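[1] got a predicted structure plus its sequence, pasted below:
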Amino acid sequence: MLVGGMPVRLLAEKMGQTPFYAYDRALMSARVAELRATLPQDVRLHYAMKCNPMPDVVAHFVPLLDGVDVASANEMDVALAAGAKHVSFAGPGKSAEDIERAVAAGIVLNIESERELRAAVKAGEALGKTPRIALRVNPSFELKASGMKMGGVPSQFGIDAERAPDVLKEIDASGVSFEGFHIFAGSQNLRADSLIETQAKTLALTIQLAASTPMKVKLANIGGGFGIPYAPGDKRLDIAPIGEALDRAMADFRARMPETEVAIELGRYLAGEAGVYVCRVIDKKVSRGQVFLITDGGLHHHLAASGNFGQVIRRNYPVVAPAHMAASERETAHVVGPLCTPLDLLGSGVDLPQLEVGDLVAVLQSGAYGLTASPTAFLSHPRPGEILV
């Protein structure tokens, strides 16, 4: 098994430690190229940095994409240090200090409440700068069959679509620079038909909201939601029909709002399949006829793979033995970590070669929502390494 053209066993020697995350820059670049070739040419592509904020990963994406969407002031600093020209800041709980830092940096604030708008105005007055504001809208529709719904329900995210016209009046009267809308309905979706329907509804909602304000709408961020396969039964998302349908929908949108740019915000789809989490077997035991491979990695590094990051029914991520990909002698094993909890499970009933102490295990599809989405301080084990190859 190779990552970035390097065998994982040699990569482990180079790192000098396990566990670690490794990200393949060529796979990330190929995913961007695929999107550029499939989606309408005038649709901007943004990186949702929350999925993987490793500075080297962000710096790799910045010249390939049109913007970076961040979810904290610290993420903002990383994006700006990487040279991002367009940065927008979303999140339902921005502090006054976060807002002041964003206004000072001159990035776009996706406001999610009237309190955030007023804090931005106050910060602008104190700094002598005009805040750049976009309105995050909680739509009345959801992204059907999505792994995580972020629209169509009562939510901490954004301002309900039915209240948006009144908030737009306050924005217009506040003297800020209005940038446009951020509408995000859901994530981790593998159904092209659902994504097509939601994109059409999002563009229609943008047109409707624009008609209720005299302000120019510079940008419509219509969210993302493109998923990747994790479990054996998952079917890979076919983006070809999405590109064709979006091109048709954009024709009407361009006719009605020719001066408004449209952006799609993707994270998992850009980085998820380009990453692996590598750990080492430190013990092997049999309990009541079942094999347990105990590794030096676990949920404290990769909460999502353990099934404790939003899964209703736990399903295994793909787990392989990177130095024994062609081995014929196999066994069924549970891959667990070193933590004192039965939740520390990386793979349940996995078909693997007959591994021994010292062998490597790799969890695939680990480039998004891995390290920084995990409780690394739990039981005070060392942090894993990270490398972009």
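    Perfect, I can see it now. All of these numbers come straight from a predicted model, not from anything done at the bench.
[2] first to last residue in stretch 313-327, what's the distance?
    Terminal residues of stretch 313-327 are spaced 30 Å apart (C-alpha to C-alpha, to the nearest Å).
[3] quick check: bridge partners of residue 221?
    With DSSP bridges as the criterion, residue 221 is bridged to residue 182, residue 263.
[4] which residues touch it?
    Residue 221 makes contacts with 46, 69, 88, 110, 134, 180-184, 263-265, as judged by C-beta atoms under 8 Å, 6 or more residues apart in numbering. Backbone N, C-alpha and C define where each C-beta goes, glycine included.
[5] ok, and the helix or strand in this protein with the lowest average confidence?
    strand 148-149 (a mean of 53; mean pLDDT, DSSP states H and E).
[6] thinking again about what came up before, which of the contacts of residue 221 lies closest to residue 211?
    Checking the contacts of residue 221 against residue 211 by C-beta to C-beta gives residue 181 as the nearest, at 12.5 Å.
[7] wait, the closest one sits on residue 138?
    No - Residue 181 lies out of contact with residue 138 (C-beta atoms under 8 Å); the separation is 11.4 Å.
[8] ok, the nearest residue to residue 353 once chain neighbours are set aside - contacts?
    Spatial nearest neighbour of residue 353, excluding adjacent residues (C-beta to C-beta, 6 or more residues apart in numbering): residue 327 at 3.5 Å. Residues counted as contacts of residue 327 (C-beta under 8 Å, 6+ apart) are 321, 353, 354.
[9] and stretch 321-331, end to end?
    12 Å.
[10] give the buried residues for that stretch.
    321, 322, 323, 324 (16 or more other C-beta atoms under 10 Å).
[11] what's the spacing between the second one and residue 116?
    Meaning residue 322. 46 Å (C-beta to C-beta, to the nearest Å).
[12] and the residue of the chain most remote from its centre, what does it touch?
    Ranked by distance from the centre of the chain (C-alpha atoms, centre = their mean), the top residue is residue 288, with 40.0 Å. Not one residue lies near residue 288 by C-beta under 8 Å, 6+ apart.
[13] could I get the phi/psi values of it?
    Dihedral pair for residue 288: phi 50, psi 40, per degrees, to the nearest 10.
[14] check it and give its pLDDT.
    Confidence at residue 288, expressed as pLDDT, is 97.
[15] do you know how far it is from residue 238?
    Distance from residue 288 to residue 238, by C-beta to C-beta: 44 Å.
[16] quick one: residue 350 and residue 316 touch, right?
    Yes - the pair residue 350 / residue 316 is scored as a contact, 6.4 Å apart, by C-beta under 8 Å.
[17] in terms of neighbours, single out the busier of the two.
    The neighbour comparison of residue 350 against residue 316 (other C-beta atoms under 10 Å) goes to residue 350, with 21 against 18.
[18] state the pLDDT value of that one.
    Reported pLDDT for residue 350: 97.
[19] cool, and the one 3 residues further on?
    Residue 353 carries a pLDDT value of 97.
[20] domains in the chain, by residue range?
    53-266, 272-388 (automatic domain parsing).
[21] of all the ones you listed, which one is nearest residue 13?
    Between the domains of the chain, domain 272-388 lies closest to residue 13; by C-beta to C-beta that is 10.7 Å.
[22] quick one: the closest one to chain centroid distance?
    21 Å (C-alpha atoms, centre = their mean, to the nearest Å).
[23] hang on, residue 320 packs against residue 360?
    No - applying C-beta under 8 Å as the test, residue 320 and residue 360 come out as separate, 9.4 Å apart.
[24] can you map out the helices along this structure?
    Applying DSSP state H to the chain gives helices spanning 8-15, 25-38, 55-61, 73-81, 96-105, 114-127, 164-174, 192-210, 240-256, 268-271.
[25] out of these, which gets nearest to residue 284?
    Once the helices of the chain are compared by C-beta to C-beta, helix 8-15 is nearest, at 18.4 Å.
[26] give the other helices and strands that that closest one contacts.
    strand 20-23, strand 275-287, strand 360-363, strand 385-388 (3 or more C-beta pairs under 8 Å, 6 or more residues apart in numbering; DSSP states H and E).
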